[in-house]
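[1] Give the three-dimensional model of this entry:
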Amino acid sequence: MTDHETLRARLDRALADRALDSSAHKNVQEWLRPSEYGPEVLAILGELVELEAWRELNDRFYAQLEFGTGGMRGRTIGRVIAPTEQGDAPPGQPPRVPAIGSTTLNFYNIRRATIGLCIYTLRERRSSGRVAGRPTIVIAHDTRHFSHAFAETAADVAVRMGLDAIVFPAERSTPQLSFSVREYGADAGVVITASHNPYHDNGYKVYYRDGAQVVRHADGIIAEVQAVTSPRVPEAPAPGSLRRLDAEADGRYRARLHHVVLEPAALRVATRHGLKIVYTPLHGTGARIIPDVLRELGCAPILVAEQAAPDGGFPTVASPNPENQAALTMAIALAEREKAALVIGTDPDADRLGAGAPDASGQIRLLTGNQLGSVLAHYRLERLQSQGRLAGSNAIIKTIVTTDLQAAIAAQFGVKCVETLTGFKYIGEKLEDYEQAGWAAYLARCRQEGRAPVARWHDLNLDAERGILQTHSTFYVFGGEESYGYSGADFVRDKDANMSAVMLVELVCSLEARGLTLHQYLDDLYAQFGYFEEKPKDIFREGATGQAQIEAMMDGLRRQPPETIGCHAVTRIDDYARDEIRDADGKRLPPSNVLGYTLEDGCRVVVRPSGTERKIKFYLLGRSAPPPAGTRLDPGALAAAKERVRRELERIAGEFVPWVEAFAGK
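    Prediction:
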């Protein structure tokens, strides 16, 4: 069935029969415009109607795909695949056409987002006085289905609208995109990725000229994207140019990663000891950088061969998420056969890193993102202090849902622990604040001394940068979030699994030389600071009604705030949407739909809707009391503290989370 009138009549009848929601019915009509959408759209919609796939149509059209500070993310492969979408692809293989729908990621929504981004970038460049030359946008993509085609579509739109596009010819990681925006002096950047989501998803993430995801420019970009009502590209009088990067671009990024190493000698000693590292990219972009950079540093990893090739179907794992032990099963088995000291895995766009190491029994045991961030933060602070490079103002940055162990570590070394909202984009925003203060001081010094400054902060020698920041601003030592994202330098303004692999391998090499394992090092931190453990819990609500149920849960918490959680009284409630909350620098955090609860024993609970998936997230942060000053927990006391904290977290998860979930039914 392809006749417009017949199709509209069938849709009207489905609406009258309540098989099709009113919002989905309205949005489908917008896609029945042959002057705006290609003939495949009508064919696909007709096929779904013939199949009476009303639930599928509701899920595909109940809303517009939301463009937020993190860009867009949605399904590219429907639960029901129309024959025209499948095309000549064999059953079980990815379809030839991405899922048509207002809530799905397809070529039309890619064009809409890119048109809005380009309109904003052109206008913002003019208003800021940068009129010479054309705006430039860097575009990268991961290994997912349709990622390459989506990246080419975005580049085509940018060039036709008069921007210059710099494009990676094959898959590259999200952190390399962040680095490249600043390295090539671009106005904006786009990476096509859905990070660690299931194979059927894809996404569109936007970066601005500071190399971070948009925060300051978010409202303007969002408004322009929302104002785009047609996927037709507005052609500029003179098109821009298209440049494809080559291996030299990878070399620039790898060279910067070398600077993250604090103790090069540790890597050489461990190599002589025959230390083995096992690495899996989980069919993603990490294979482009991590093996080469570790080889250059003298620690060539052993790759999981079955997972080394790029493949958007992620055929060897149920989910390409290195946070989950199941995703690292093959890597763990290889590490145990090789008697490796470390196993690491990265997600498809190589911004998240999961890792494990042998415990006392020799079995590989994974660390959580909070634990990995804590050992990395402590090691880097310890090394910088021992090298005399921790003078002046320094900081580690963590999100409000990241373990409080990192705050205790920062206090021990006399550095600030700055908390941001959830999302590495807010850490990137802090780095830009620190850079701007340092850059102003650097320019003033150059004027005073009568010498010419470098053209950009990004071009400064890293030691010079550190000295300026420690004296006139704040030097960034380390940053991380609980969801397996970390960084140790500001030349990337997002979490970076490539950088994290370098930092973690250095730490493990250093520990090997001291006869320690990663787990022993972590327990030593607990002995100093007390035991900390975090337990995440999620409630998923899919489809057209999911968002309303999530909103009902958050509304219920605000109407009926808990007086106790677990067996402890709530001593403080932070409503990040309504309260004025400031960070350690005195800067007010932007309003956000987040609720935080502090309990009388020092434990915390944070609740927020996910920004990328249809779920509400619970962060349960437990801790034991720290040992008296000047003492340490002995092994027995530490074991008892672990048991107490775990029991309390289980109780909170078993009582508080279902209580909140009940609001969805009221």
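
[2] all strands for the stretch 351-500 of the chain, in order.
    353-358, 364-367, 394-399, 416-420, 475-481, 485-487 (DSSP state E, counting those that start in this stretch).

[3] C-terminal to the lowest-mean-pLDDT helix or strand in the chain, what's the next element?
    The helix or strand of the chain with the lowest confidence, counting by mean pLDDT, DSSP states H and E, is helix 264-272 at a mean of 81. Toward the C-terminus, helix 264-272 is succeeded by strand 277-280 as the next helix or strand (DSSP states H and E).

[4] So what are the sheet partners of that next one and their directions?
    strand 302-303 (parallel), strand 342-346 (parallel) (DSSP bridges).

[5] most neighbours per residue, which of those?
    strand 342-346 (a mean of 30; mean count of other Cβ atoms under 10 Å). For glycine as for every other residue, the C-beta is placed from the backbone atoms N, C-alpha and C.

[6] what angle separates it from strand 353-358?
    If you take axes from the mean of the first three to the mean of the last three Cα atoms, to 10 degrees, strand 342-346 sits at 160 degrees to strand 353-358.

[7] who touches strand 342-346?
    Outside strand 342-346, the residues within contact range by Cβ atoms under 8 Å, 6 or more residues apart in numbering are 275-282, 284-286, 290, 301, 322, 327-328, 331-332, 334-335, 352-357, 364, 497-498, 501, 504-505, 508, 518.

[8] likewise stretch 566-574?
    So stretch 566-574 is contacted by 561-564, 581, 594-601, 603, 648, 651-652, 655-656 (Cβ under 8 Å, 6+ apart).

[9] Pull the distance from stretch 68-80 to the chain's centre.
    With Cα atoms, centre = their mean, to the nearest Å as the basis, stretch 68-80 stands 15 Å off its chain's centre.

[10] End to end on that stretch, go ahead and measure it.
    One end of stretch 68-80 sits 27 Å from the other (Cα to Cα, to the nearest Å).

[11] quick one: buried residues of that stretch?
    69-78 (16 or more other Cβ atoms under 10 Å).

[12] how about the residues you listed in a markdown table, adding secondary structure and pLDDT?
    Output for the buried residues of stretch 68-80, formatted as a markdown table (DSSP: H, G, I helix; E, B strand; the rest coil; pLDDT from 0 to 100):
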| residue | secondary structure | pLDDT |
| --- | --- | --- |
| Thr69 | coil | 80 |
| Gly70 | coil | 82 |
| Gly71 | strand | 90 |
| Met72 | strand | 94 |
| Arg73 | strand | 93 |
| Gly74 | strand | 93 |
| Arg75 | strand | 95 |
| Thr76 | coil | 97 |
| Ile77 | coil | 97 |
| Gly78 | coil | 96 |
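
[13] Can you say which of the contacts of stretch 566-574 are buried?
    Buried among the contacts of stretch 566-574 (16+ other Cβ under 10 Å): 562, 581, 594-599, 601, 603, 648, 652, 656.

[14] Which residue ranges of the stretch 301-450 of the chain form helices?
    329-338, 369-386, 405-412, 424-449 (DSSP state H, counting those that start in this stretch).

[15] got JSON lines for the buried ones among the contacts of stretch 566-574, with secondary structure, pLDDT and distance to Glu47 too?
    Listed next are those as JSON lines, based on DSSP: H, G, I helix; E, B strand; the rest coil; pLDDT from 0 to 100; distance: Cβ to Cβ, whole Å:
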{"residue": "Pro562", "secondary structure": "coil", "pLDDT": "95", "distance to Glu47": "49"}
{"residue": "Ile581", "secondary structure": "coil", "pLDDT": "96", "distance to Glu47": "51"}
{"residue": "Val594", "secondary structure": "coil", "pLDDT": "97", "distance to Glu47": "42"}
{"residue": "Leu595", "secondary structure": "strand", "pLDDT": "98", "distance to Glu47": "44"}
{"residue": "Gly596", "secondary structure": "strand", "pLDDT": "97", "distance to Glu47": "47"}
{"residue": "Tyr597", "secondary structure": "strand", "pLDDT": "97", "distance to Glu47": "49"}
{"residue": "Thr598", "secondary structure": "strand", "pLDDT": "97", "distance to Glu47": "54"}
{"residue": "Leu599", "secondary structure": "strand", "pLDDT": "96", "distance to Glu47": "54"}
{"residue": "Asp601", "secondary structure": "coil", "pLDDT": "89", "distance to Glu47": "58"}
{"residue": "Cys603", "secondary structure": "coil", "pLDDT": "94", "distance to Glu47": "53"}
{"residue": "Glu648", "secondary structure": "helix", "pLDDT": "95", "distance to Glu47": "53"}
{"residue": "Ile652", "secondary structure": "helix", "pLDDT": "95", "distance to Glu47": "48"}
{"residue": "Phe656", "secondary structure": "helix", "pLDDT": "95", "distance to Glu47": "45"}
